[in-house]
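>>> Take a look and give me a structure for this.
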Amino acid sequence: MLFGCRGPLAALGSAAVATYEVPVLRIARFARLRPAPSGDAMRRASIARSSALALGTALCLSLALPAGAQDRGLSGPYLAARTAIAANDYDAAARFYARALIRDGRNPELLQNAVVAQMGLGKLARAVPIARTLRETGTESQIGNLVMLTDQLDRADWDAVLADFDAGLTVGPLVDGLIQAWAELGAGDAQAAEAVFDRVTEETGLGAFGLYHKALARAVTGDYEGAHDIIAGTDGVPLRLTRRGIVAHAQILSQLDRNDDALALIAEYFGTNLTPSLEELSGVLRAGQTAPFDLIGDARDGAAEVFFTVAGALRGEASESYTLLYARATQAIRPDHTDAILLSAGLLDTLAQYELAMEAYNQVPRDDPAYHIAALGRAEAMRQADKDEAAIEALEQLAETHGNQPLVHTTLGDTLRQMERFNEATEAYNRSVALFDSDSGEQWIVYFARGITHEREDRWPQAEADFRKALELNPGQPSVLNYLGYSFLEMQTNLDEAMAMIRQAVEARPDSGHIVDSLGWGLYRLGQYDEAVGHMERAAELLPVDPIINDHLGDVYWAVGRKTEARFQWHRALSFEPEEDEAERIRRKLEVGLDQVLEEEGAEPLEVAGDEG
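As a prediction, the model looks like this:
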């Protein structure tokens, strides 16, 4: 969808965070967290993963070569290129496809994939001649057409753009109509542009896109009243806008001497926790000044916005590698499009192209209001690339220059917490909390994270206070309920409340293996073994390669007398590489049984159960 915030950060409910898609403090990480049992070392799940590169290599090597490739000595570069492109390694793919094209320079498949590789690198100038050759072969390629069109738009060659559309060039229904409309405007025919926008609007499923860009085009030409009428739905339904659309509307309202309405719009969508760019805009509005309409400056900017619109629509609906093409096309036309830079960098991060992601984040200048967002993303890419110390150093430097942003300290805390540097993480979270002017719903996750670091360092009173604060700000939050409830179970206190919390968490997330495991384990700890079995089996179905869950299932089976199955589950748990202290305990259970282990640990014995042998 085009309109409305998207992505994992938007799900946190923070308007400020949801403004940009940066991989920090993902809530999914908390779904699997468990407090460490009292007196034991922290336990972590170790989930077996397939290697994307190995899978891509196996797939590529199984594909047939182009006819005659072996005779032309093409097989080596071709297979290497296919392997690289399957792994989204654009740098290697570009090099190997260049070598393959030396031997077979008009092979359509090689040409198209070479175009993808160059665009993945953000190298439009290198992609254009390859796309031109691809067109000369007579091959119809939407990707090749996208590159040729992007080049024409970058040069503002409106006549060439319109001539290509007249000749039947197509990139896709949405792109074709919107780009043609902006090209008409660029060529000086505003009336023709409106007619094309109207045609797009009438097409099924494209109405909102056409109206949004028509409003932007009117604003570019100075018709702010007409632009507002479209966005506000004076003659129809108001548009649901992205962050950029809201900024555009606020600027339009200011141009109409309606600063108070613009401020109300910003407050409605973003609350009081504003990003630097929104705070800057709000400052202009509060001062009674007229905010310039600078989101789109001309038809060339409008064309770039089309590609960004399409990239936003594709994200989550198409592959990241395909979406990246449109984000890169946006950047090629408008290198200062910060949102496109952040989108490209985020996509590259998702594709595990961390070096390219870092390069993309570095393109945001230091004086840009979103610089700290880019710096946070770059630090996350470093961490993903196993450059933990470099990530910490970058975040500490950012905390010095942008220390007024709670998100900076929160992200530093997250990174330190993931490195198990809990005391340092707590200090970072403290600095974030100190910047909160008042309570707001999105703050729950900071209190939750700080509660975890307190719990890891045996500061339970502070941990419980933070967990309860998180629930006060976000009642019923499943991850918090699960963590707090499980903690109570491990401490054998507040047992009724603990089970109520965990049951509520399971009700909210019945497909979370870790939360379902908490329920089964809680019933086991309370001696309700028969009831625990079904929940533990369900948890193992949801997360079949989690060592902790398989270990728990083995204990539950043992408790109900299914000792053969218990030993089988313990063997499974060992195969999934648990932490060494857990592995040692499992091996001991396999040697002498759970009852003996509990006796050796001074724990309460299990209730008497039957034995099936």
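>>> hey, let's count contacts and neighbours off CA atoms from now on
OK.
>>> Nearest residue to A190 in space, please, no chain neighbours.
E184 (6.7 Å; C-alpha to C-alpha, 6 or more residues apart in numbering).
>>> can you count the residues close to the one you found?
23 (other C-alpha atoms under 10 Å).
>>> Show me what the one helix or strand it maps to packs onto, helices and strands only.
Secondary-structure assignment from DSSP states H and E places E184 in helix 173-186. The contact analysis (3 or more C-alpha pairs under 8 Å, 6 or more residues apart in numbering; DSSP states H and E) places helix 173-186 against helix 158-166, helix 190-202, helix 207-220, helix 299-314.
>>> Pull it out as PDB, backbone CA atoms only.
Taking Å, rounded to 0.1, in the frame of the first residue of the first chain, the C-alpha atoms of helix 173-186 are listed here in PDB:
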ATOM      1  CA  PRO A 173       0.700   0.600 -15.500                       C
ATOM      2  CA  LEU A 174       1.400   2.900 -12.500                       C
ATOM      3  CA  VAL A 175       4.800   4.200 -13.700                       C
ATOM      4  CA  ASP A 176       3.700   4.800 -17.300                       C
ATOM      5  CA  GLY A 177       0.800   7.100 -16.600                       C
ATOM      6  CA  LEU A 178       2.400   9.100 -13.800                       C
ATOM      7  CA  ILE A 179       5.700   9.600 -15.500                       C
ATOM      8  CA  GLN A 180       4.000  10.600 -18.700                       C
ATOM      9  CA  ALA A 181       2.000  13.200 -16.800                       C
ATOM     10  CA  TRP A 182       5.100  14.700 -15.200                       C
ATOM     11  CA  ALA A 183       6.800  14.700 -18.600                       C
ATOM     12  CA  GLU A 184       3.900  16.700 -20.000                       C
ATOM     13  CA  LEU A 185       4.300  19.200 -17.200                       C
ATOM     14  CA  GLY A 186       8.100  19.300 -17.800                       C
END
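>>> Can you give the contact residues for that helix?
The contact list for helix 173-186, computed with C-alpha atoms under 8 Å, 6 or more residues apart in numbering, reads 156, 158, 161-162, 165, 170, 190, 192-197, 199-200, 206, 210, 213, 217, 298-300, 302-303, 306-307, 310.
>>> got any ranges where this protein has weak pLDDT?
Counting by pLDDT under 70, the chain contains low-confidence ranges at 1-74, 608-613.
>>> show me where it has strands.
Counting by DSSP state E, the chain has no strands at all.
>>> All the helices of the stretch 351-500 of the chain, in order from the start?
Taking DSSP state H, counting those that start in this stretch as the test, the helices found in the stretch 351-500 of the chain are 354-361, 371-384, 388-401, 406-418, 422-434, 444-456, 460-473, 478-491, 495-508.
>>> The stretch 1-150 of the chain too?
15-18, 28-31, 52-61, 75-86, 90-103, 108-120, 124-136, 142-154.
>>> Identify whichever of the ones you listed lies nearest to S321.
helix 108-120 (7.6 Å; C-alpha to C-alpha).
>>> For the closest one, name the packing helices and strands.
Using 3+ C-alpha pairs under 8 Å, 6+ apart: helix 108-120 touches helix 90-103, helix 124-136, helix 142-154, helix 320-333.
>>> Just say which of the ones you listed is most tucked in.
helix 320-333 (a mean of 25; mean count of other C-alpha atoms under 10 Å).
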